[in-house]
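Enquirer: Sequence below, structure please.
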Amino acid sequence: MGNWPTIDWRSLTVQMVLSFIALVLLTAAAVGLPAITLIKNQIERQAWTQVNQGSQATQALYTALQSNINDLGTLTAQRPTLKQLLNQGDVELLADYLQTLQTGTDLDLLKVCDNDQQPLARTGDPLTGGLCESAIGAGFYVLSSETEKQIWLLAADTIEDGASVLGRVVVGITLDDAFAQQMKSQTGLEHTLLADGQPVASSIIGGTTSWLTGTHAAVENDVPGVSRAVEFEMYGRPYYSARLTNVDPSFEDEVALDVTDVVATEQRLVGLLLGSIVLVILIGSILGVFLARRVGLPLTKLANAAEVFSTGNLDSSVHVEAKVREISQLAQALENARIDLQHSVAELRQAKVWTDNLLEAINEGIVTLDRYGYITFFSPGAERITGLSQEEVLHQHCDQVFQVVDTDERFSRNLPPPDRQIKSTVVLADGRIATLSLTGARLVPPDSDDAEMALVFRDVSEAEMVHHFMGEFLANITHEFRTPISALAASTELLLDQADDLKPDELRNLLNALYMGIVGLQTLVDNLLESARLEAGRFRVFPRPIELGEIIADATHIMQPLLIRHRKQLLVELPTIIPVVQADSRRITQVLVNLLSNANKYSPDNTEIAIHVAEDGDRVRIAVTDQGPGISADFRPSLFRRFVRPESGAGKSRYGAGLGLPVVKAIIEAHGGEVGVEDRPEGGSVFWFTLSKVDDS
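Expert: Residues are numbered from 1 along each chain as shown. You can find the predicted model right below:
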């Protein structure tokens, strides 16, 4: 089985076709249904009118029949022969006379009773042997036995001979199937006589048996002018009926009209009308399909062209042939719009490329917020500063993206006013805390009352940190210069005043103090100069082969007086064959002096500082070991940065320039080596660095 084509219910052509069909259906229904209803009502009304007329005629017939039977009873009672036979008392002749008299009339019953209400003679066979009571008058009577019921029209009159009463005569007609057929011939309707609701006689084919077994689906209706109107079917033939109640409430005559022909006529008319409606619907639908395709197909082509435009393809021209003038005008307007849009898009693309390049080149971050504080734009510079992409932050509230540090105040509560600059410290996406410099501007888009807030920010964390460190550096460097200069001034003043009176040991101590002060100042100045060269990008090293022992000897010679003064023991461990390294001796001596100076500064008095040298392949590893407080693991990543000093132990000064270790790192890396720090197992730190070994061969 093939696949059915998919119907696009939102298509204009489909909707127009359905609309035409629906319109035709509604029109046909609006015209046809009332017509069908009118035809049915008119035919049914005519049928019920015929039933009502038949009921009225039947009522008149029963009235005339009742009057006639009463007259027959009176005439029979006045017959001379009947009187003569009663006077003679000859019962056999009386019975023969009644038989002869019945033959000349339509009576089914003739009965003569004496004055004692005893029957003398009769013709006919009623279900009861009575009927001689004086209460019998002209009327309808239901006579019953154990097996059946009969309906009789009876009349009685007194037989008088002069002044004497000879007896009573009772005459009657039985209302049986023959009577029902006679009523049918006179009224043109079917008659069914019922006694106590049960059929006794019927003119319908099959008689009472047919009525009992064939009637079904009886429905009682409320028809104006018709007493007890009922619809029923018998053996597939529909009937309209009405019931008449006569003198005796237990006797009813159901007058029925066979409406088979009426229903057939009604069905033919309704079928003809429905056929006409279907034909009109078919013709209207075909016409609707034709008109819908005539209008819908060009519009579908225009819609497809517009869809192509929406994808950004503005190169395909719009060419649609249509026999509807408005659609042709629409196609031309769409083609003109395509050309204009093509030029506009080209200009916008150029402007967008220029804007994107401009935004990409701007290091500052640009963010726009709506009046509720939700982010509507996030520039590339903002992405670089925060580490968040535009997709992650768009339509997010600024308080969720920028979380202020060390305060409960929200970011949106501290936005800068226009033309003002503020600083705010926030947590960035990577967990880094940054200080942002913010400026704000108010944006009001065209044709809109909703103003937006534009924020321009840049990360000034490093500048703030440098500013902070610079202040601390100046304080520290002032202290670092003041201490040795004060010592030098004091020693020099003492030499000037008491040089002739000083003993050789005292003079040696003063000179030693002067020497240590000068060494400290020289080290500090060297570090400052090297740091300046690093900052200016003019730092250079000039390595050459040199025996490592010479470098260590120079460094220990410089530091020995300072170590002795602080009662530190210096242990140097060298291999049996002292290695030759590729190094700038002055720079490496400066490295060792800085490391030994730090070890002296942070180690307790009366402790040991060691220099260990070990060969590792084509490398030589030099380590300076102290017994100080050590360096925490959290602090090590920033240990070799400028203006950062290791945490001092208890009782140690926190002053220092924070330049020694950065200079050490710069010198060693310029030599192609590595530098690092480890924990000493027995407590303290091990600062180490590597140099390239010169091959002896």
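
Enquirer: Please identify the helix or strand for residue 165.
Expert: Assigned by DSSP states H and E, residue 165 falls within strand 164-174.

Enquirer: Export that strand to CSV, keeping only CA atoms.
Expert: What follows is strand 164-174, C-alpha atoms only, in CSV (Å, rounded to 0.1, in the frame of the first residue of the first chain):
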residue,chain,number,x,y,z
SER,A,164,-100.3,-4.5,30.3
VAL,A,165,-96.5,-5.2,30.1
LEU,A,166,-95.7,-8.4,28.3
GLY,A,167,-91.9,-8.4,28.7
ARG,A,168,-88.7,-6.9,27.3
VAL,A,169,-86.9,-7.2,24.0
VAL,A,170,-83.0,-6.8,23.8
VAL,A,171,-81.4,-6.2,20.4
GLY,A,172,-77.7,-5.9,19.7
ILE,A,173,-74.8,-5.9,17.2
THR,A,174,-71.5,-7.6,18.0
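
Enquirer: Okay, helices next: where are they in the stretch 351-500 of the chain?
Expert: Along the stretch 351-500 of the chain, the stretches classed as helices by DSSP state H, counting those that start in this stretch are 380-386, 390-393, 398-401, 461-498.

Enquirer: what does the stretch 51-200 of the chain give?
Expert: Using DSSP H, counting those that start in this stretch, the helices of the stretch 51-200 of the chain run over 80-88, 91-103, 177-187.

Enquirer: can you state the direction angle for the first one and strand 164-174?
Expert: Read that as helix 80-88. Angle of helix 80-88 versus strand 164-174, following axes from the mean of the first three to the mean of the last three CA atoms, to 10 degrees, is 120 degrees.

Enquirer: on contacts alone, who are the packing partners of helix 80-88?
Expert: Judged by 3 or more CB pairs under 8 Å, 6 or more residues apart in numbering; DSSP states H and E, the packing partners of helix 80-88 are helix 91-103, strand 149-161, strand 164-174. Just so you know, the C-beta spots here come from the backbone N, C-alpha and C atoms, and that holds for glycine as well.

Enquirer: Show me the contact partners of it.
Expert: Where contact means CB atoms under 8 Å, 6 or more residues apart in numbering, the residues beyond helix 80-88 that reach it are 76, 93, 94, 97, 101, 112, 120, 159, 161, 166, 167, 169.

Enquirer: Now do the same for the residue nearest to the first one when sequence neighbours are not counted: its pLDDT.
Expert: Counting by CB to CB, 6 or more residues apart in numbering, residue 169 is the residue found nearest to residue 76 once chain neighbours are left out, at 5.1 Å. Reading off the confidence values, residue 169 has pLDDT 90.

Enquirer: which ones are touching residue 169?
Expert: The contact partners of residue 169, by CB under 8 Å, 6+ apart, come to 73, 76, 77, 82, 110, 111, 112, 113, 156, 157, 159.

Enquirer: can you list the helices of the stretch 51-200 of the chain in TSV and add mean pLDDT, mean neighbour count and distance to residue 541?
Expert: Formatted as TSV, the helices of the stretch 51-200 of the chain follow (pLDDT from 0 to 100; neighbours: other CB atoms under 10 Å; distance: least, CB to CB, whole Å):
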stretch	mean pLDDT	mean neighbour count	distance to residue 541
helix 80-88	86	16	172
helix 91-103	85	15	163
helix 177-187	88	18	141
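
Enquirer: Which of the helices of the stretch 351-500 of the chain has the lowest mean pLDDT?
Expert: Note on these: lowest mean pLDDT is at helix 461-498, with a mean of 62.

Enquirer: Rebuild the helices of the stretch 51-200 of the chain as TSV, extending it with distance to residue 336.
Expert: Formatted as TSV, the helices of the stretch 51-200 of the chain follow (distance: least, CB to CB, whole Å):
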stretch	distance to residue 336
helix 80-88	120
helix 91-103	111
helix 177-187	86
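
Enquirer: Out of these, flag the one nearest residue 124.
Expert: The minimum distance between residue 124 and the helices of the stretch 51-200 of the chain falls on helix 91-103, with 7.4 Å, by CB to CB.
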